[in-house]
Structure formats: structure tokens, C-alpha cells
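S.K.: With the sequence up front, the predicted model follows.
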Amino acid sequence: MVIRFQSGDEQAFDELMARYKLPVVNFVYRILNDAGEADDVAQEVFVRVYRHGRRFKADGKSRFSTWLFQIARNQSLDVLRRRKRRPVETRDMRDGGDHSPMYAGPSADGELSNKEIGEAVARAVADLPEKQRTVVICAEYHGMSHAEIAGVMDCTVKSVESRLARGRQALRQKLSFLNG
């Protein structure tokens, strides 16, 4: 499919986009924590893929998904850098998104619901430093191997392993209330 796209087959690009759009949007959302902005960034990712598709080396050694997620990560980092320069409300904030503290306590029946647990985990992941967050997202949500993550992040496998270990440890600490 990638080779067909590189040779100018528009249908192949549509197929690639259909296959990878949701994973890219989810990946970007978990980095940015803003659904509307994640859609915009994902669109920009696919515009870049379309414009620069010939740069990908379809040689059997490189994976298209690794190249794609590297573009998505770089686009997300650009957004995070812009946010630091010009802090603004995210669309989720303007739309009345949930911005409660990470743990608001058990529900009325004294137990946490799956939704509450999921929200706590999402907030804990969002609180991780960017490099740890990206590695955790790639490994846990997208099932990427350490080598694939190293390709996305342009670092060594050892760096991935270290960041993943630190990220998981931080999550265990942040979510320790779930165990007791």
C-alpha cells in the first residue's frame, strides 16, 4: 500500500489514512489532552505524509507506522511548545470538559467505577513528563515494541526502556490509591 501511494496512487493514500487516522488521533490526544486539537494535528500529520511521502524509505527495514508516529509526535511537540509560549485555554476547557483533580474520591457507593479509574489513569498519564508520557502511550496504548518506540522518538532502545520504567514507576505512585 505504501509503495502504491509513493508511486502516485491516490486510492492507496486514502487506504493508509483510513487505517491509521484513529490510532494517530488517539496518540496525539493522549499527548495534548485536547480532542479538538488532536483532530487538527492528525489532519496536519496526514497533510505532511501526503506532501513528503516519497521521503519514507519503503525498503523493508523501516516501518511506515514508525515514520507516521514520529511525524505525529513532532507535530504534537510543536503544539506543546506553542502552548508554553502562549498559554491558552484548550478546546476541552472551553467546551466544559472535566478538569477535576486526579482523584475526587469514591462514588456514592464507596467504590470507584471503571469510568473513574479510567479518568484517573488518563490524568496520571497526562501528568507524566513528555518523553515518559510518549513512551508509555506508545507501549501501553499502541502496543509498539521498544525498537519501534525508539524509531518514533529518535533515541536508543535503552533510553526507551529507561523512560518506560520511570514512567510506569511514576504511574504506580500516582495511582497507588487504586490499590487500597
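M.R.: Nice, thanks for sending it over.

S.K.: I'd assumed residue 10 was in contact with residue 4.
M.R.: No: Residue 4 is beyond contact range of residue 10, at 9.6 Å (criterion: Cβ atoms under 8 Å). Bear in mind the C-beta positions are built from the backbone N, C-alpha and C, glycine included.

S.K.: Any figure for the gap between residue 76 and residue 161?
M.R.: Residue 76 sits at a distance of 22 Å from residue 161 (criterion: Cβ to Cβ, to the nearest Å).

S.K.: More neighbours: which of those two?
M.R.: Each of residue 76 and residue 161 has its neighbours counted (other Cβ atoms under 10 Å); residue 76 has more, 23 against 15.

S.K.: The more buried one touches residue 33, doesn't it?
M.R.: No: with contact defined as Cβ under 8 Å, residue 76 does not count as touching residue 33 (10.5 Å).

S.K.: shared neighbours, these two?
M.R.: Common neighbours of residue 76 and residue 33 are not found (criterion: Cβ atoms under 8 Å, 6 or more residues apart in numbering).

S.K.: now residue 40: how far from residue 149?
M.R.: Going from residue 40 to residue 149 by Cβ to Cβ gives 24 Å.

S.K.: The two: which is more packed in?
M.R.: residue 149 (25 against 16).

S.K.: so where does the more buried one fall, helix or strand?
M.R.: Assigned by DSSP states H and E, residue 149 falls within helix 146-153.

S.K.: What helices and strands are in contact with that helix?
M.R.: Packing contacts for helix 146-153, counted by 3 or more Cβ pairs under 8 Å, 6 or more residues apart in numbering; DSSP states H and E, involve helix 64-85, helix 130-136, helix 157-174.

S.K.: Next, give phi and psi for the residue nearest the centre of the chain.
M.R.: The residue lying closest to the centre of the chain (Cα atoms, centre = their mean) is residue 27, at 2.5 Å. For residue 27, the backbone dihedrals (degrees, to the nearest 10) come out as phi -60, psi -50.

S.K.: and if you look at residue 155?
M.R.: phi -140, psi -180.

S.K.: how much space between it and residue 75?
M.R.: From residue 155 over to residue 75 (counting by Cβ to Cβ), the distance is 18 Å.
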